[in-house]
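Undergrad: missing the sequence, but the structure's below:
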């Protein structure tokens, strides 16, 4: 696995599945493209799923085909309706609509059962009463061949009777299963008599208590694809060996139509994990708050952080589709949202670490209205009113009592421009008992409102500000990388590389024009970054930092 710098690639050239379709079309093959997105409803979608969603839906759109949504609901132990609702919400939010009704693997449970009986009648499946531990032992390893189960050579009649007993609830869980009869000496472990059906006494969210036996993923997926006419069954590389079983089942069941399975590399992004098991650990151990924590790359987490559907779709398109394992730069994902927000975000001034300044020569009860653009490069965003008065907030980092010549902000006995307003000079400071600066007393040059000084003197820097009288109190969640190592998946204990500074909470102020904007409006806090209002909290105004203004290193 290696890192990829994305500016070196043309995205469409890196989609090998598109290349296969194009070659088929050039050969004159009449292909009615049909793809599907088949999530298991046992968790929340993340950006790796988004890559698969975009791939399947965009191929169907590009070639005027169809894309189905089918829930792979063959394991009721881990599934529930809330996950189904969440997945539907995320797909729609990404901007996609599936063809026809929502489908479920459980829609075909009756057919799966009959197909299993067909395999038994062909002497290609048998009921095994080995324990799960014994099955694992008999299966062997990559370096040792498997051993036939002592139940492998039961008669067809006996297997039919036992399978019916399994269906009727006459076996306890883990006391019997149905296995395909293939080859225990195969070099591919997946072909060493894989399990097709197992017993689970748990109510299913769709079929309720009708069934106590449930098909395995490998058995259900290929048959569902064939029944639905899926032309391109797209999955990730860990299912590459499973393609042999996929084709074996369809072949032995005499399906005339065989979908083709194609595997692509899983998405891996720097400084993050996408493993459901590891994400659950982070949540259970309170390292992150929930599945929508903005520090993790779930769709709900990205949405809450301020990522947009377009930015995610662009990212998934640009990274391409290959069979090569790689580690995508986090900065590339960030650049996709940054490029979009730069065009659409309203500009506001917000002070995250406030320091009070008093302009002593500004009239005590007077305030001035200054008109500022909502977007400096787009006049269509219009103008806003900003109140300027004697007492203002500035960033603590924008003032130093003593500084080097390279410091381009406010220092004692020097000048700086307040954005879209006047030039001010820092004359004196006030400190508390700890020696911390709590107020800077300044004077204002009234001839410099959005103008250069008449005497031609050079002003080094520009800083932003918020009126103390009119500023709205706000809380700012400053998010950073969750992990300190580029690839935490390689760590023996991935939790040891957690970044303790992944979330810093600050209290500050924002200009009141914010109240005039619709909820969900994209925002750039000038000189601070792009932010998004967090609607999970009702009592306070809280903003999540989506991304910095510039690429961080």
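TA: Thanks, I have the structure now. What you are looking at is a predicted structure, and each value in this text was computed from that prediction instead of being measured. Residues are numbered from 1 along each chain as shown.
Undergrad: I'd like the distance between the residue of the chain positioned farthest from its centre and residue 492.
TA: Here the chain reaches farthest from its C-alpha mean at residue 455, the gap being 54.3 Å by CA atoms, centre = their mean. According to CB to CB, to the nearest Å, residue 455 and residue 492 sit 65 Å apart. Every residue, glycine included, has its C-beta placed from N, CA and C.
Undergrad: Is the residue farthest from the centre of the chain part of a helix or strand, or is it coil?
TA: With DSSP: H, G, I helix; E, B strand; the rest coil as the basis, residue 455 sits in coil.
Undergrad: and if you look at residue 74?
TA: Following three-state DSSP, we place residue 74 in the coil state.
Undergrad: Find the helix or strand that residue 441 is a member of.
TA: strand 437-445 (DSSP states H and E).
Undergrad: Mind giving me the packing neighbours of the following helix or strand past that strand?
TA: The helix or strand immediately downstream of strand 437-445 is strand 462-463, counting by DSSP H and E. Secondary-structure packing of strand 462-463 (3 or more CB pairs under 8 Å, 6 or more residues apart in numbering; DSSP states H and E): strand 415-418.
Undergrad: and stretch 436-443, how far from the chain's centre?
TA: 44 Å (CA atoms, centre = their mean, to the nearest Å).
Undergrad: Give the rounded mean pLDDT of that stretch.
TA: Computed over stretch 436-443, the mean pLDDT rounds to 97.
Undergrad: Let the chain start at 571 from now.
TA: From this message on, residue numbering opens at 571, which makes the last subject stretch 1006-1013.
Undergrad: Can you list the residue ranges for strands in the stretch 571-720 of the chain?
TA: Along the stretch 571-720 of the chain, the stretches classed as strands by DSSP state E, counting those that start in this stretch are 572-574, 604-607, 636-641, 673-674, 695-698.
Undergrad: Give me the neighbour count for the residue lying closest to residue 1065 once chain neighbours are set aside.
TA: Using CB to CB, 6 or more residues apart in numbering and skipping residues adjacent in sequence, the residue nearest residue 1065 is residue 857, 6.8 Å away. The tally of other residues near residue 857 (other CB atoms under 10 Å) stands at 16.
Undergrad: What segments of the stretch 621-770 of the chain are helices?
TA: All helices of the stretch 621-770 of the chain, identified by DSSP state H, counting those that start in this stretch, fall at 651-663, 679-691, 702-709, 726-737.
Undergrad: May I see these organised as CSV, with mean pLDDT and mean neighbour count added?
TA: CSV is the format used below for those (pLDDT from 0 to 100; neighbours: other CB atoms under 10 Å):
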stretch, mean pLDDT, mean neighbour count
helix 651-663, 97, 16
helix 679-691, 99, 18
helix 702-709, 98, 14
helix 726-737, 99, 17
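Undergrad: Looking at the ones you listed, which is nearest to residue 943?
TA: helix 651-663 (30.6 Å; CB to CB).
Undergrad: other SSEs contacting the closest one?
TA: Under the contact rule (3+ CB pairs under 8 Å, 6+ apart), helix 651-663 is packed against strand 636-641, helix 869-875.
Undergrad: ok, and what's touching that helix?
TA: With contact meaning CB atoms under 8 Å, 6 or more residues apart in numbering, helix 651-663 is reached by 607, 609, 611-615, 619, 623, 639, 641, 668, 672, 775, 869-870, 873, 879.
Undergrad: List buried residues within these.
TA: Using 16 or more other CB atoms under 10 Å as the burial test, the contacts of helix 651-663 include 607, 609, 611, 613-615, 619, 623, 639, 641, 668, 775, 869-870, 873, 879 as buried.
Undergrad: By pLDDT, give me the weakest of those.
TA: For those, the pLDDT minimum is residue 613, 92.
Undergrad: phi, psi of that residue?
TA: phi 180, psi -170 (degrees, to the nearest 10).
Undergrad: which residues does it contact?
TA: Applying CB under 8 Å, 6+ apart, we find residue 613 in contact with 653, 846, 861.
Undergrad: 6 Å - rerun?
TA: By CB atoms under 6 Å, 6 or more residues apart in numbering, the contact set of residue 613 is residue 846.
Undergrad: Look up the closest residue to residue 1059, ignoring the ones flanking it.
TA: Leaving out its chain neighbours, residue 1059 is closest to residue 843 (CB to CB, 6+ apart), at 6.0 Å.
Undergrad: quick one: which helix or strand includes that neighbour?
TA: Going by DSSP H and E, residue 843 is not in any helix or strand.
Undergrad: thinking again about what came up before, and of the helices of the stretch 621-770 of the chain, who's closest to residue 991?
TA: Counting by CB to CB, residue 991 lies closest to helix 651-663 out of those; the figure is 39.8 Å.
Undergrad: relative orientation of the closest one and strand 636-641 in degrees?
TA: Between helix 651-663 and strand 636-641, the angle comes out at 160 degrees (axes from the mean of the first three to the mean of the last three CA atoms, to 10 degrees).
Undergrad: hang on, the earlier thing: let me have the strands of the stretch 571-720 of the chain in CSV, adding distance to residue 970 as columns.
TA: Formatted as CSV, the strands of the stretch 571-720 of the chain follow (distance: least, CB to CB, whole Å):
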stretch, distance to residue 970
strand 572-574, 38
strand 604-607, 54
strand 636-641, 57
strand 673-674, 63
strand 695-698, 75
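Undergrad: Figure out which of those is closest to residue 889.
TA: Taking CB to CB, strand 572-574 is the member of these nearest to residue 889, at 7.8 Å.
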